[in-house]
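[1] Requesting a structural model of the entry that follows:
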Amino acid sequence: MKLQHRFAVPASRDRVWATFKDLPVVAACVPGVDELVRLDADRYSGRFGAGVGPIHLSLEGEVGLEILDDAAGRALLRANGTDRRLGGGVRALVTLSVDPGEAGGTDVVIDSDVQVLGRIGELGQPIMKRKADEIMRAFASRLAERLA
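    Residues are numbered from 1 along each chain as shown. Okay, the predicted model is just below:
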């Protein structure tokens, strides 16, 4: 499932980029993330929970920073999580970019290529897309508040 989310943040590109490079700070803005622990310079383990339709996901896994291009304001992250109770998981490859926006703000684009594995995949893409959109709207709002 491919997802794309775009939003504007009322802060400078440099400030937004510096924030995105600090994954624990970014994770604190994502609804449902309740733990993120550094494993090494570019990898973290964590937990994420979300209600999707009638099911509550509780994913445990890792997120790793694969590419970080400061000059271009681009990053590539790989994440995977497993819900042992439901017998499924999620794998995602996420590309993030920040560009100067209007009035001194920053435009953020997040492209995600998500694989949903096991019983979780039975929920259907439209339901999962709606939940992803909801989480991204809340993330964008929390990030904007943090940078205000």
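[2] partners of the strand ranked longest in the chain in the sheet?
    For the chain, the strand with the greatest residue count under DSSP state E is strand 55-69. Sheet pairing of strand 55-69 (DSSP bridges) gives strand 43-52 (antiparallel), strand 74-83 (antiparallel).
[3] tell me which element the nearest residue to residue 3 once chain neighbours are set aside is part of?
    Nearest residue to residue 3, sequence neighbours excluded (Cβ to Cβ, 6 or more residues apart in numbering): residue 112, at 4.4 Å. All C-beta spots, glycine's among them, are computed from the backbone N, C-alpha and C. Using DSSP states H and E, residue 112 falls within strand 106-118.
[4] Check what contacts that strand and list those residues.
    If you take Cβ atoms under 8 Å, 6 or more residues apart in numbering as the criterion, strand 106-118 is touched by 1-9, 11-13, 15-17, 86-101, 123, 128, 132, 136, 140.
[5] Buried ones from these, can you make that a ChimeraX selection?
    Here is the ChimeraX command that selects only those of the contacts of strand 106-118 that count as buried (16 or more other Cβ atoms under 10 Å):
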select :3,5,7,9,11,12,13,16,17,86,88,89,90,92,93,94,95,96,97,98,101,123,128,132,136,140
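[6] What about the contacts of strand 106-118, which are in helices?
    Judged by DSSP state H, the contacts of strand 106-118 include 13, 15, 16, 17, 128, 132, 136, 140 as members of helices.
[7] And these, which is closest to residue 54?
    residue 128 (13.0 Å; Cβ to Cβ).
[8] I figured the closest one hits residue 52, correct?
    Yes. Assessed by Cβ atoms under 8 Å, residue 128 is found in contact with residue 52 at 6.3 Å.
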